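Peer 1: structure for this input, please:
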Amino acid sequence: MSVRDDFPILARKVNGQSLVYLDNAATTQKPQVVITAMNDYYQNSNANVHRAVHTLAGEATEGYEECRTELKNWFNAERVIITSGTTESINLVAHSWARANLVAGDAIILTEMEHHSDIVPWQLLAQDIGVELRFVSLNEDLTLDMDAFKASLSGAKLVACVHTSNVLGIRNPIEKIIEMSHANGAKVLLDSAQAVPHEKINFSELGADFLACSAHKMCGPTGIGCLLVKEDSFNQMQPFMGGGDMIQTVTTAGSTYQDNEHKFEAGTPRIAEGIGWAAALKWLGKINLHDEHIRLLDIARWTADQIKNLPGMTVFGRHADGDSAVVSFIHDSIHPEDMARLLDAKGIAIRTGHHCAQPLMQRLGVEGTMRVSFYIYNDQEEAELFIETIRSIVERFA
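Peer 2: Residues are numbered from 1 along each chain as shown. I've put the predicted structure just below:
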């Protein structure tokens, strides 16, 4: 039985053609076990968590907290705060840790390849408390300039760095970044949204202080993610959102707070999504991610080479070992949206635009790119169909 058979959406026809889904860096498809787990909660165990003692509440609580347990086991992490996704996780660090521990003049190191989610929160913080933002430039081959990174570290208190670029697919040398940052007294926050689908990360061994990721990039539901936090950094974080479930006591004179992850999870949590993510992690645990990564990177390399050979095409990224299976490209006369619509007419789904990475687009000298991204249910045959289709578009319209 093929892995593809676990994904009901892949049997769909789009514009009369079999769906070829190559937009996985934006979100991955969901296996049937995830859909079933979430439906089962709503059909059989729908209740709020943590408070009541009745049977449904017990089942809901057990199912939701299983997600946290699975995440701790998956990442080998002691503290896992469940959030709405990578964006909220990064904002949580900005509000709960940075505001409590940084002062005007402290420096935060970013890179030119960051997603907007790892730029805007720090710009807001800079406006509010006067921290300094330093952006590390890229080399000619679009890798991170590590000499510039080293030079930027003086006086830095936090390095907020993308693990793997959503545009270029480039995996940054995060182990070296963590080592250098800690040697200079800076904590490290990793945006690992694009890394977790392809790489089994051991958070404790890696040594980062914070790691943000999203479920929907790794076959889980949308609307849920997590922040992994080192114990010492966790103890430095202050409450961000106030409300139910994050408190120990509330009186008219004041409140005391939980000392576990619930301290940062005010309100009714994402119960169905947590149950779905737990199911996704169990399903993904049966996949050899290392071998799949090698297979998909080979497909991406082949695809990039084929695109380069088409007239008028430019491909961005290096596709080295460890990089993700992402190919970003442009044509010198066909607009990305026109190309994407022509591909969609053939049932092929790709992504266009600035990919929430406008500083990187400015570095590349373009307004946006087309992007194809492969995941575990994609194969070489789909890549060949994509190239055949795009070749016919170029021959007809360029």
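Peer 1: so Val315: helix, strand or coil?
Peer 2: Recorded secondary structure, Val315: strand (DSSP: H, G, I helix; E, B strand; the rest coil).
Peer 1: how many neighbours does it have?
Peer 2: 18 (other C-beta atoms under 10 Å). The C-beta positions use only the backbone N, C-alpha and C, and glycine is treated the same way.
Peer 1: against Asn378, how distant is it?
Peer 2: Using C-beta to C-beta, to the nearest Å, Val315 is found at 18 Å from Asn378.
Peer 1: check Gly223 too.
Peer 2: Distance, Gly223 to Asn378, using C-beta to C-beta: 24 Å.
Peer 1: more neighbours: which of the two?
Peer 2: Under the neighbour definition other C-beta under 10 Å, Gly223 and Asn378 were set side by side, and Asn378 has more, 24 against 17.
Peer 1: isn't that one right up against Ala300?
Peer 2: No - contact criterion C-beta atoms under 8 Å: Asn378 and Ala300 do not qualify, at 9.7 Å.
Peer 1: and Val250, helix, strand or coil?
Peer 2: Three-state secondary structure (criterion: three-state DSSP) places Val250 in strand.
Peer 1: which helices and strands sit right next to the strand or helix carrying Ser181?
Peer 2: Assigned by DSSP states H and E, Ser181 falls within helix 174-183. Here helix 174-183 touches helix 146-152, strand 156-162, strand 187-191, helix 203-206, going by 3 or more C-beta pairs under 8 Å, 6 or more residues apart in numbering; DSSP states H and E.
Peer 1: roughly how far is that helix from the heart of the chain?
Peer 2: The chain centre lies 21 Å from the centre of helix 174-183; the measure is C-alpha atoms, centre = their mean, to the nearest Å.
Peer 1: ok, now stretch 36-49?
Peer 2: Distance, centroid of stretch 36-49 to centroid of chain: 26 Å (C-alpha atoms, centre = their mean).
Peer 1: what's the answer for stretch 322-333, then?
Peer 2: Offset of stretch 322-333 from its chain centre (C-alpha atoms, centre = their mean): 18 Å.
Peer 1: buried residues, stretch 42-50. List them.
Peer 2: Within stretch 42-50, the residues scored as buried using 16 or more other C-beta atoms under 10 Å are Ser45, Ala47, Asn48, Val49.
Peer 1: what ranges in the stretch 1-150 of the chain fall below the confidence cut-off?
Peer 2: 1 (pLDDT under 70).
Peer 1: let's see that with 80 instead.
Peer 2: Counting by pLDDT under 80, the ranges of the stretch 1-150 of the chain that qualify are 1, 51.
Peer 1: now do the strands in it.
Peer 2: 13-14, 17-18, 20-21, 79-83, 107-111, 132-136 (DSSP state E, counting those that start in this stretch).
Peer 1: out of those, flag the one nearest Val250.
Peer 2: Counting by C-beta to C-beta, Val250 lies closest to strand 79-83 out of those; the figure is 21.0 Å.
Peer 1: what does the helix or strand hosting Trp283 contact?
Peer 2: Element membership for Trp283, per DSSP H and E: helix 271-284. Helix 271-284 is contacted from outside by 6, 30-31, 33-38, 40-42, 48-49, 60, 63-71, 74, 82, 215, 218-224, using C-beta atoms under 8 Å, 6 or more residues apart in numbering.
Peer 1: mind doing that once more with 6 Å?
Peer 2: For helix 271-284, the surrounding residues in contact (C-beta atoms under 6 Å, 6 or more residues apart in numbering) are 31, 33-34, 37-38, 41, 49, 60, 63-64, 66-67, 70, 74, 215, 219-221, 223-224.
Peer 1: could you do stretch 348-356 as well?
Peer 2: 20-23, 26, 115-116, 166-167, 336-337, 340, 343, 361, 368, 370-372, 386.
Peer 1: buried among these? Make that a ChimeraX selection.
Peer 2: This is how ChimeraX selects the buried members of the contacts of stretch 348-356, with burial counted by 16+ other C-beta under 10 Å:
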select :20,21,22,23,115,166,167,336,340,343,361,368,370,371,372,386
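Peer 1: please compute how far the following helix or strand past the helix holding Trp283 lies from its chain's middle.
Peer 2: Toward the C-terminus, helix 271-284 is succeeded by helix 289-308 as the next helix or strand (DSSP H and E). Helix 289-308 has its C-alpha centroid displaced from the chain centroid by 20 Å (C-alpha atoms, centre = their mean).
Peer 1: quick check: angle from helix 289-308 to helix 271-284?
Peer 2: For helix 289-308 against helix 271-284, the angle by axes from the mean of the first three to the mean of the last three C-alpha atoms, to 10 degrees is 90 degrees.
Peer 1: so which bits of helix 289-308 are buried?
Peer 2: Neighbour-count burial for helix 289-308 flags 289, 292-293, 295-297, 299-304, 306-307 (criterion: 16+ other C-beta under 10 Å).
Peer 1: and if you look at stretch 357-365?
Peer 2: For stretch 357-365, by 16+ other C-beta under 10 Å, it's Ala357, Pro359, Leu360, Met361, Leu364.
Peer 1: Thr36 - nearest residue in space that isn't next to it in sequence?
Peer 2: Distances taken as C-beta to C-beta, 6 or more residues apart in numbering put Ala279 closest to Thr36, at 7.6 Å, once the chain neighbours are dropped.
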